[in-house]
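**Student:** Pasting the sequence and the predicted coordinates here, then a few questions.
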Amino acid sequence: QVQLVESGGGLVQAGGSLRLSCAASGRTFTRYAMGWFRQAPGKEREFVAAIKWSGSSTVYADSAKGRFSISRDNAKNTVYLQMNSLKPEDTAVYYCASSSRWYVAQRSGYDYWGQGTQVTVSS
């Protein structure tokens, strides 16, 4: 079992920045790839970014490239999502998730999920 708790969401103006954190506990954090997903009202949950267990590889959705950055600190069992140049269309609940495989963009490839944190970007 892996428990994941996201934090760092909030309300920000367009063009602003937020850093989301996801704290993990339970099974060895370093064995898992970590991903961030988001779900806007009335839409499917979509992949945002993922990072390999070692941190040596990262992957981003086209919507996140150049604006978002995923990182992890295995000593702290935490993964981060730095979001810059935020747009109103980034408004969503953001979820972190863990996967025993690399690289997976599909929701079904992730084993454990956090409860989500709300990000709202005002225009």
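**Tutor:** Thanks, I have it.

**Student:** Secondary structure element holding the residue nearest the centre of the chain?
**Tutor:** Here the mean C-alpha position of the chain is nearest to the C-alpha of residue 36 (C-alpha atoms, centre = their mean), at a distance of 2.3 Å. Assigned by DSSP states H and E, residue 36 falls within strand 33-39.

**Student:** Following the chain past that strand, name the next helix or strand.
**Tutor:** Immediately after strand 33-39, counting by DSSP H and E, sits strand 46-51.

**Student:** what does whatever helix or strand comes next after that following strand contact?
**Tutor:** As assigned by DSSP H and E, the chain's next helix or strand after strand 46-51 is strand 58-60. Residues outside strand 58-60 that contact it (C-beta atoms under 8 Å, 6 or more residues apart in numbering): 48-52, 68-70, 103, 105. Every residue, glycine included, has its C-beta placed from N, CA and C.

**Student:** one more time with 10 Å
**Tutor:** If you take C-beta atoms under 10 Å, 6 or more residues apart in numbering as the criterion, strand 58-60 is touched by 33, 35-36, 47-52, 65-72, 102-105.

**Student:** Among those residues, name the buried ones.
**Tutor:** Buried members of the contacts of strand 58-60, scored by 16 or more other C-beta atoms under 10 Å, are 33, 35-36, 47-51, 68-70, 72, 104.

**Student:** got the residue ranges for the helices in this structure?
**Tutor:** Taking DSSP state H as the criterion, the chain carries no helices.

**Student:** if I look at the closest residue to the residue nearest to the centre of the chain other than its chain neighbours, how far off is residue 101?
**Tutor:** Nearest non-adjacent residue to residue 36, counting by C-beta to C-beta, 6 or more residues apart in numbering: residue 48, 4.3 Å away. Residue 48 sits 17 Å away from residue 101, going by C-beta to C-beta, to the nearest Å.

**Student:** repeat for residue 86
**Tutor:** In terms of C-beta to C-beta, residue 86 sits 30 Å off from residue 101.

**Student:** And residue 51, by the same measure?
**Tutor:** Distance of residue 51 to residue 101, computed by C-beta to C-beta: 13 Å.
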